[in-house]
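1. make a model of this:
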Amino acid sequence: MTEARPGHPAVTDLRSAPAARLRGHLAMLGFAALVAGSFGLGGLAAPHVDPMVLTVMRFAVAVGVMGALVALLPGLRSARSGWRLGAAPWRWPLLGSLFAIYFVLMFEALKTASPVSTSAVFTLTPLMAAGFGWVLLGQRTSSRMALALGVGALGAVWVIFRADLDKLLAFEPGRGEAIFFVGCVAHALFTPMVARLNRGERAAVSTGLVMLGGLAVLLVLSPSALMATDWGALPAIVWITALYLGLPATAVTFLLLQYAALRLPAAKVMAYTYLVPSFVILWELGLGQEAPPVLVLPGIALCVGALLLLLKHEG
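-> Numbers count the residues shown, from 1 in each chain. Model (predicted):
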């Protein structure tokens, strides 16, 4: 079966079919729900293990999973040769480092910040990615998208400062939120850098090589943390989180994203980022954690408003 590519008639047909668009939206709902689980489970695991060690575990699982996908899925078998490092192999540790920074700082932030507030910081990523995309790729943002990004950022700021106007005016975010913001800057830079440095590799291959590059960098930087870890004493939640991050939060989200990208415009795919905090609240309740303060809910509502703005049919 020939893969549909941007500009290919098959892609146009998929995006014009209502049933296909509905399946694309359902895929992105699943994507947002699985990403939200990273924050919920990460918050439970973070106090029990060094952030570098947990990120090594997550990347190791992800490398194995992506390698298996490339080897086993019929549509990706032809990409196996792409696992050669090829031209400019320095790209993979560079991109992997950006991704590793995001996850290490996420787990460090979750030691002191709530999953809901860190997921709100995450919704700032599209706004920062748009800025980096303009600088690195010359990409311009439509007025509707700019409005949606602004509304989403306002909602994120409301949640980050816990609806405390005094903290907002004094610009006093929590320590965890400030740490994770730096990680989200790395994530936002990662997105346009992938496009800038791509040499024609298939998405599954480049994802696997990015994970491999990040894992190599982490292994170089964290030998003392790895050796100091009492692996036998790690609680079950750490292993569960590492497996979740490597399997559903990497492999399944990758497949859902690729599926939706063939059926929805890029802006509508990106819009589901703003739904993550709402799913995090559901994860928190499901994991037996306390519900967030009522005062942060208007910020969540603004994030959902940004989603609706981006999903609105353009005419």
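2. mind checking what secondary structure G214 has?
-> The three-state label given to G214 by DSSP: H, G, I helix; E, B strand; the rest coil is helix.
3. er, R199 I mean
-> The three-state label given to R199 by three-state DSSP is coil.
4. pLDDT score for it?
-> Predicted confidence (pLDDT) for R199: 79.
5. try P6
-> With respect to pLDDT, P6 scores 43.
6. kindly report the same for V135.
-> Reported pLDDT for V135: 79.
7. next one: F180
-> Per-residue confidence (pLDDT) for F180: 93.
8. quick check: it touching A113?
-> Yes. Counting by Cβ atoms under 8 Å, F180 touches A113, with 6.6 Å between them. C-beta here means a position set from N, CA and C on the backbone, and glycine is covered the same way.
9. ok, now how distant is the closest residue to T112 other than its chain neighbours from V182?
-> Nearest residue to T112, sequence neighbours excluded (Cβ to Cβ, 6 or more residues apart in numbering): G176, at 3.9 Å. For G176, the distance to V182 (Cβ to Cβ, to the nearest Å) stands at 11 Å.
10. how many neighbours does G150 have?
-> G150 sits with 14 neighbouring residues when counted by other Cβ atoms under 10 Å.
11. list the contacts for it?
-> The neighbours of G150, taking Cβ atoms under 8 Å, 6 or more residues apart in numbering as the test, are L127.
12. list of residues touching stretch 246-260?
-> Contacts with stretch 246-260, where a contact means Cβ under 8 Å, 6+ apart, come from 23-25, 27-28, 30-31, 34-35, 37-38, 57-62, 64-66, 69, 203-204, 207, 211, 269.
13. which of the residues you listed fall within helices?
-> 23-25, 27-28, 30-31, 34-35, 37-38, 57-62, 64-66, 69, 203-204, 207, 211, 269 (DSSP state H).
14. just the strands in the protein please.
-> Counting by DSSP state E, no segments of the chain form strands.
15. grab the most central residue of it for me.
-> Compute the mean C-alpha point of the chain, and by Cα atoms, centre = their mean the closest residue is V35, 6.5 Å away.
16. gap between it and V280?
-> If you go by Cβ to Cβ, the gap between V35 and V280 works out to 9 Å.
17. repeat that for M270.
-> According to Cβ to Cβ, M270 stands 18 Å off from V280.
18. looking at these two, which is more packed in?
-> When neighbours are counted by other Cβ under 10 Å, M270 and V280 differ, and V280 comes out ahead with 29 against 21.
19. quick one, what contacts the more buried one?
-> 36, 39-40, 115-116, 119.
20. thinking V296 is in contact with V159, fair?
-> Yes. Assessed by Cβ under 8 Å, V296 is found in contact with V159 at 4.8 Å.
21. between these two, which one's more packed in?
-> V159 (28 against 24).
22. how about the contacts made by that one?
-> Contacts of V159 (Cβ under 8 Å, 6+ apart): 116-117, 120, 277, 292, 296, 299-300, 303.
23. many thanks, we can stop here.
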